[in-house]
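J.: quick one: sequence plus predicted model below, questions after.
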Amino acid sequence: MKQMFIVGNGGPEMLQLRESPDPMPGAHELRVRVRASGVNFADIMARQGLYPDAPKKPCVVGYEFSGVVDAVGAGAAPEWMGKAVFGLTRFGGYADTVVVPQAQVFAKPAQLSHEQCAAIPVNYLTAWQLMVIVGSLRADETVLIHNAGGGVGLAAIDIARHIGARSIGTASARKHAFLKERGLAEAIDYTQGDWRPELMRLTGDRGAELILDALGGSHWKKSYQALRHTGRLGMFGISSATESKLPGPLRLLSVVLGLPLYNPISLMNDNRAVFGVNMGHLWHEVEKIRVWMGALLQGVEDGWLRPHVDCSFPLERVGEAQAYIEARRNTGKVVLTVE
């Protein structure tokens, strides 16, 4: 099997392709020959030494895959053999072969490609948890989606349309036309200055009921201030840490120094709520994830869930794929492909 390792902290030069013997599935596990893997911002932060959940280096990251089952472990359902599937893996996705528990695997919808299926697990499950499970978004409410052109952003637009809620997103101007075609009601160009005055104008100076913020640090303060009363702030990343010029883990310093201080009294007085989402800490809740994925797969059948792949790179060119995301060039998902 081929795997792309992170061999140290730093730039794309720290990515190294290695070969090793094929793994064998254990009890209740499936072996999948990967056709496509998702690339996520957490993978980039792991390479930079900014992701505390990453395995000790050298390591193989990657949370999601799509491919074909070619071996079944003891106790796993034999009917999975030869099936096209997609699913979640606790690292190891940057490879041409993965071994995963059967419970983390789902049948691939026939109408979607392997690349599209690799765009579903992390992005859509994160957006579903943010908006439906914890965020409780309603049809008569407004959601502000930061980085609306990213993978989670496009998933959030699909879910907002499905719910019937009004969606407003921040993104660079070149992405606005595409985002509105996808269903975004209003777009704000964050590169032209503070986005908050425009949000307040669009909401009659009331703010949004739900804000999705993966930026982190001082950005969370501004997002909290932009909430309408009864509003909820969903935090799910600290991508702003990668913008710091400080070396290594010191990049997190600016994020920590800018963190907001929430306390129960102010939350009660403001009638607002804050919550966090980290799919990487839900491996013990696979039953819940299967229920959520069931709702999302129904969305594929009903036509409202439309995974969009911006571009794909061969596994060997993962450094280019990550650089493409770091430069904020992508609109939607970036995936790796295996011949």
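T.: Noted; the coordinates are in hand. Numbers count the residues shown, from 1 in each chain.
J.: against residue 38, how distant is residue 86?
T.: Computed with Cβ to Cβ, to the nearest Å, the distance linking residue 86 and residue 38 is 9 Å. Bear in mind the C-beta positions are built from the backbone N, C-alpha and C, glycine included.
J.: which residues do these two both contact?
T.: Listed contacts common to residue 86 and residue 38 are 64-65, 118, 121; contacts here mean Cβ atoms under 8 Å, 6 or more residues apart in numbering.
J.: adding pLDDT, distance to residue 47 and secondary structure, write the residues you listed out as TSV.
T.: Converted to TSV, these look like this (pLDDT from 0 to 100; distance: Cβ to Cβ, whole Å; DSSP: H, G, I helix; E, B strand; the rest coil):
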residue	pLDDT	distance to residue 47	secondary structure
64	98	17	strand
65	98	19	strand
118	98	19	helix
121	98	20	helix
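J.: quick one, what contacts residue 55?
T.: Contacts of residue 55 (Cβ under 8 Å, 6+ apart): 61, 91.
J.: can you tell me how far it is from residue 152?
T.: The gap separating residue 55 from residue 152 is 23 Å, by Cβ to Cβ.
J.: what's the answer for residue 220, then?
T.: 16 Å.
J.: and these two? Which one has more around it.
T.: Neighbour tally, residue 220 and residue 152, criterion other Cβ atoms under 10 Å: the higher count belongs to residue 152, 26 against 22.
J.: wasn't the more buried one part of a helix?
T.: Yes - when classified by DSSP: H, G, I helix; E, B strand; the rest coil, residue 152 is found to be part of a helix.
J.: go ahead and report the secondary structure state at the residue positioned nearest the centre of the chain.
T.: The centroid of the chain falls nearest to residue 123 when counting by Cα atoms, centre = their mean (3.6 Å). Here residue 123 is recorded as helix under three-state DSSP.
J.: any idea how far residue 237 is from the closest residue in space to it that isn't next to it in sequence?
T.: Using Cβ to Cβ, 6 or more residues apart in numbering and skipping residues adjacent in sequence, the residue nearest residue 123 is residue 151, 4.0 Å away. Relative to residue 237, residue 151 is positioned 11 Å away (Cβ to Cβ).
J.: tell me which of the two has more neighbours.
T.: The residue with more neighbours, out of residue 151 and residue 237, is residue 151; 30 against 23, by other Cβ under 10 Å.
J.: quick one: pLDDT of that one?
T.: In this model, residue 151 is scored at 96, pLDDT.
J.: that one against residue 325, yeah?
T.: No - between residue 151 and residue 325 there is no contact under Cβ atoms under 8 Å: 9.1 Å.
J.: so what sits against both of the two?
T.: residue 334.
J.: so where's the stretch 101-250 of the chain uncertain?
T.: Along the stretch 101-250 of the chain, the parts satisfying pLDDT under 70 run over 240-250.
J.: what about the helices in it?
T.: 114-118, 121-128, 151-163, 176-182, 196-202, 218-225 (DSSP state H, counting those that start in this stretch).
J.: between those helices, which gets nearest to residue 14?
T.: Proximity to residue 14 (Cβ to Cβ) singles out helix 121-128 among those, at 21.9 Å.
J.: got the contact list for that closest one?
T.: Counting by Cβ under 8 Å, 6+ apart, 38, 40, 63-64, 86-88, 151-152, 154-156, 158-159, 212, 236, 277, 279, 289, 292-293, 295-296, 305, 307, 333 sit against helix 121-128.
J.: how far off centre is it?
T.: Centroid separation for helix 121-128 versus its chain: 6 Å, with Cα atoms, centre = their mean, to the nearest Å.
J.: export that helix to PDB, keeping only CA atoms.
T.: Output of helix 121-128 as PDB, limited to C-alpha atoms (Å, rounded to 0.1, in the frame of the first residue of the first chain):
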ATOM      1  CA  PRO A 121     -18.300  12.900   5.800                       C
ATOM      2  CA  VAL A 122     -16.300  15.700   7.500                       C
ATOM      3  CA  ASN A 123     -18.000  18.700   5.900                       C
ATOM      4  CA  TYR A 124     -21.600  17.600   6.000                       C
ATOM      5  CA  LEU A 125     -21.500  15.900   9.400                       C
ATOM      6  CA  THR A 126     -19.800  19.000  10.900                       C
ATOM      7  CA  ALA A 127     -22.400  21.400   9.300                       C
ATOM      8  CA  TRP A 128     -25.300  19.100  10.400                       C
END
